[in-house]
Every structure is written in structure tokens, then in C-alpha cells.
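Colleague: need coordinates for the below:
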Amino acid sequence: MGGKVEGATTLQVPEQGVQHNWQPGVHTRFGEKLYFYLLRLKSPLRGDEVESRIRRLLDAADIAHACEYAIYGDWDVLIRVWLSPSWKKQFLAALNKAGDTINVRDFEANELRYLWTGDTSDLLAGSSEMEAKIAERLDDVQAVAEEDEDVDPAVMERLFDAGLLLPRSRDEGTDPVKFYICLKIYTDLKREVEVARVLEALDRAGLSSRASLYSGIGSFADHLIRCVACTYSEVMTLNAALSNGLQDLDMRPMTLLVANGEAHESDNINDTALLTTRDDVVVALLELNERGLALLAGLAPAQRDALHTLVEGVYRASEGDMELRRSLRDLLRASLKNDFRKVRDALGFTMDFEWFLIEYLKRAWGGVYGPQWVPPLAKDLEAADGNSKRGALLRNIDKWTLADSVDLAIRSAEVKDDVKVAFSKDLGPEWPPQMHTLKRIRNTVAHRLRETPNYDEFTGEWGELLSELMGVAALHFRIERLIDKDRKEADE
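Modeller: The predicted model follows:
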């Protein structure tokens, strides 16, 4: 067996005689987390089935990079893999569809220590210095991660110099035995105390120089220790030394002995579709969780571009108006999740527009004509129209539709300059077309909104409606606030 070790990618620097892992912050920058999956298969692995069977499971989810171990004993497979939320979902779906497993247990690392580097610090904790290095070398990182055959050796050297690639010398012997120790600790200790105890025990057992320590949340372990031994008998010796160092703790250890000596091992990035600066703006506005990030990353380029434009529209429309911004944010977030009920709820303000508009018109006309505004306004409308149709409608306010309200508002401004000035002062100069647009959107929401459309398609008819709404939603909120202000003043 060759000298491959945990997480070593297929990319090497031959002249240095090393293999490498990525600095974990690089994976984090690409939205990936480290997972381990322990699998019990429906039939045992045999001979040459080892690599092909594990690889089929990963290929079904289009996962190129993982550490793929066959395990001696009651469990059959251990997979170590970096996944973004969308790729994790994809992998679990593929695993379920394959129907090849009896049991699946998982572990998510939230602390990671490559003790073989001589550093005991948590490499997942991150630092502003490391983030700056990653940002500076992002093009180099992507070139290497995508395994471009034309990558300049100087690129690799820059990444090693920056500490973004961590070299591992081939010092594990000609035929090392790989194994994992799983620790489930039941003694009530704080996590930092647990980690300190495990680190101390590893050091006393002489394992630190050839171990990685993963701490996190899992159904089969609280801590995973990846080690190598020179012989199988040494595995027992090292296990005994570690157990002796932790003998006062209530814990259950489990050793997973790797059966395939030539296991495929890769620490490379699976999801190199990096979120852009414009994506970061979307994430900030919509306050996306892991699922939301996965949905954003999974959008087709045209859909993502359209969402970028809509988010920019939200910021323009809601400048200085956090209530409006929250409403539009909720709408876009619900659309990204393709959640009909939340989309409908977020559009609820459009259904209120009819009532608020009528209340506003009574307020504005009263300000121009006085408390008894109906007769003089009706007289002006009848004189301008040459008939009594609008005047009669004005006297039957209980029968107004939204279309009637919009028509009366626009016509009254055409007839009376003082009304036009009042409306423009309150609502802005573009209020007439905005009223027409809001009327149409309100009718769409009331009569044409259905559960079946894909609300996460930000182009086409739905995207056009959202785009129009970004431009006119502020009109509704201005009217609503004017009415609320009048109410408060009346109450006082």
C-alpha cells in the first residue's frame, strides 16, 4: 500500500515528497462542513467490491472527493467528506435511493485539530488573518481545487507558503495501518475540558504526531481520532495507552480498523461554486440559514442573476423604511423556498391596499375641499366629464371597487390642481402608474395566485411581477403610514 493518508488529495508537489490537506478554513469559505458517515450495508463487502461499492454510493450524488474506507467488524463503511448543505442533501437523497444500507450513522465535526502539524488549535475556529489569506489567494485555491492539469507549480507553492495547503511528509512507514477511535463520553464535562483530556491522553500515548482529532456532534461519537500504526499489533498497544489515559471517564470507545489498505482518500473541495459578492448581499438581506444557502447555490445562473437584481430593488425601494424592507425580504425568502403559503402571507399587504387607498382618498380630498368634500368634488367631476357617472359613484362609496378608487383618484387630480399637488406631496410624483400597477398586482394575488407555480423561478411572469412590486410597494406603505398617523392623532 502507498503512503496516502487521511484527506490527501490527488494533487501533489513531487519535488517536496509530500501530500497535503486543505487548511479547513478554505472548505468553510466554500460553505462546506466536514461529515463522517458510518454505514452498515445489506450484504457484506467482498474483495474487489470494496472500492467500487463505496464509489457507486458517492457517484450517485456526484461526489468526487472523499475518504472511502471499508471497515472490519460489524460496520462496513466509513466515509469522510466535506459537503455544502446542498451537496449533503444530495448525498443523503442518493444514499436513501440506493437502498443499499441497513443503518446509517453520522458525525459532524465542529472542531478539527491536525495534530500531526504540531498545532493543537482548533482549525475550524477561523481567524481574520486566515480569511484574508484565503480571499487573497482565492483564484489559486479554485484552480487547484478544480484539479486543473495546467496549474502552475508556483500556484501550489504560493498556497503552501500561505498555509492554505498543509503538507504531510511520508513518515508513516511502508505499510501503515489506518484506524479511527470513536469516543462517546458520558461524564458531564464541558466540551473544552473533554478536548483537553483527550489531547493530554493522546500526547501521553505517543499518538499526537500521527493523529487528527475531530470533535463534534454525532450519533456514534463525540470525538473521532484518526491514527496510523506501523503494525496491527501496535493498534492494540496504542488503543490501550489511550484508554488508560481516559480510564477515569465514563465513556464508550470503539475502534474502526480500515480494511482497504489502498483506500481512496481526498480532502479536496466538492462544491467549488463559490458564492459571489452579489450572493453575499442576498444572504445578508434574506438572512439565509443553511437550507437557504443551499437553495441559493443551487439556482441556475439566470435565476440567481434575477434574484440579485430583485434584492438590489429591495434596497432601493426601502431606503429608510425598515418595515417595507422586512416585507419584501419575507417575500423573496419565501419565493426562494418555493413556499406558497409564506409567499401568500408575504403578499398580504397588497390585499389591504383597497381599504387603505379609500381611507387615504377621503383624507386627501377632505384636506382640499373640507369635511363635506363629496358635493364639491362631485360637481368638479361632473363638469369635467360632461356626465354624472363619476359623481354618482362618488356618492356611493360603499360600492367602490379598487378599480373605482384608482380611477377616481387619477381623475380628481386631473380635474383639480390642488388635489394633484396634495397627492404628489404625499405619494411622490409617480403615484398614478404605481396605483395602476398595485391594482393589477392585487388582482393577481387575489385571483391568480396558485400553489403549483415555481416561485423560485425569478425570471418569467413571476419574476416580472416581483420586479414590478419592488417599484410600487413603497406606495402602499406610505399610504398606510399616513392613515396610521391620523388614527394616532385622533386617539390622542
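
Colleague: which stretches in the stretch 351-492 of the chain count as helices?
Modeller: 374-385, 389-394, 402-415, 417-427, 431-447, 460-491 (DSSP state H, counting those that start in this stretch).

Colleague: and what of the stretch 101-250 of the chain?
Modeller: In the stretch 101-250 of the chain, the helices defined using DSSP H, counting those that start in this stretch lie at 128-136, 138-145, 153-161, 191-204, 232-245.

Colleague: now do the buried residues in the second one.
Modeller: In this case it means helix 138-145. D140, V141, A143, V144, A145 (16 or more other C-beta atoms under 10 Å). C-beta coordinates here come from the backbone N, C-alpha and C atoms, glycine included.

Colleague: and that helix, average pLDDT?
Modeller: Average pLDDT, helix 138-145: 86.

Colleague: can you count the residues close to the closest residue to G367 other than its chain neighbours?
Modeller: Residue nearest to G367 in three dimensions, not counting chain neighbours: A422, with 6.0 Å by C-beta to C-beta, 6 or more residues apart in numbering. Neighbour count of A422, defined by other C-beta atoms under 10 Å: 18.

Colleague: ok, A422 - contacts?
Modeller: Taking C-beta atoms under 8 Å, 6 or more residues apart in numbering, we find A422 in contact with A364, G367, V368.

Colleague: ok, and the closest non-adjacent residue to the first one?
Modeller: Spelled out, it's A364. In space, A364 is closest to A422, 5.2 Å off (C-beta to C-beta, 6+ apart).

Colleague: that older thread, so what pLDDT did the residue nearest to G367 get?
Modeller: Confidence at A422, expressed as pLDDT, is 96.

Colleague: cool, and the one 5 residues further on?
Modeller: The score at L427 is 94. That number is its pLDDT.

Colleague: then the one 5 residues further on?
Modeller: The confidence metric pLDDT takes the value 95 at P432.

Colleague: now do N110
Modeller: For N110, pLDDT reads 93.

Colleague: distance of it from P24?
Modeller: For N110, the distance to P24 equals 11 Å [C-beta to C-beta, to the nearest Å].

Colleague: got the contact list for the residue lying closest to E457 once chain neighbours are set aside?
Modeller: Spatially, and ignoring its direct neighbours in sequence, E457 is nearest to Q303 (6.2 Å; C-beta to C-beta, 6+ apart). Q303 is in contact with D456, E457, F458, T459, counting by C-beta under 8 Å, 6+ apart.

Colleague: correct me if wrong: the second one contacts G463.
Modeller: In other words, E457. Yes - using C-beta atoms under 8 Å, E457 makes contact with G463 at a distance of 6.8 Å.

Colleague: name the residues contacting each of the two.
Modeller: Joint contacts of E457 and G463 (C-beta under 8 Å, 6+ apart) do not exist.

Colleague: now the strands for this protein?
Modeller: 18-22, 33-41, 67-70, 77-83, 101-114, 165-169, 177-185, 211-218, 223-229, 251-257 (DSSP state E).

Colleague: any idea of the angle the first one forms with strand 77-83?
Modeller: If I follow you right, that is strand 18-22. Here strand 18-22 runs at an angle of 60 degrees relative to strand 77-83 (axes from the mean of the first three to the mean of the last three C-alpha atoms, to 10 degrees).

Colleague: who are the packing partners of strand 18-22?
Modeller: When contacts are defined as 3 or more C-beta pairs under 8 Å, 6 or more residues apart in numbering; DSSP states H and E, strand 18-22 packs onto strand 165-169.
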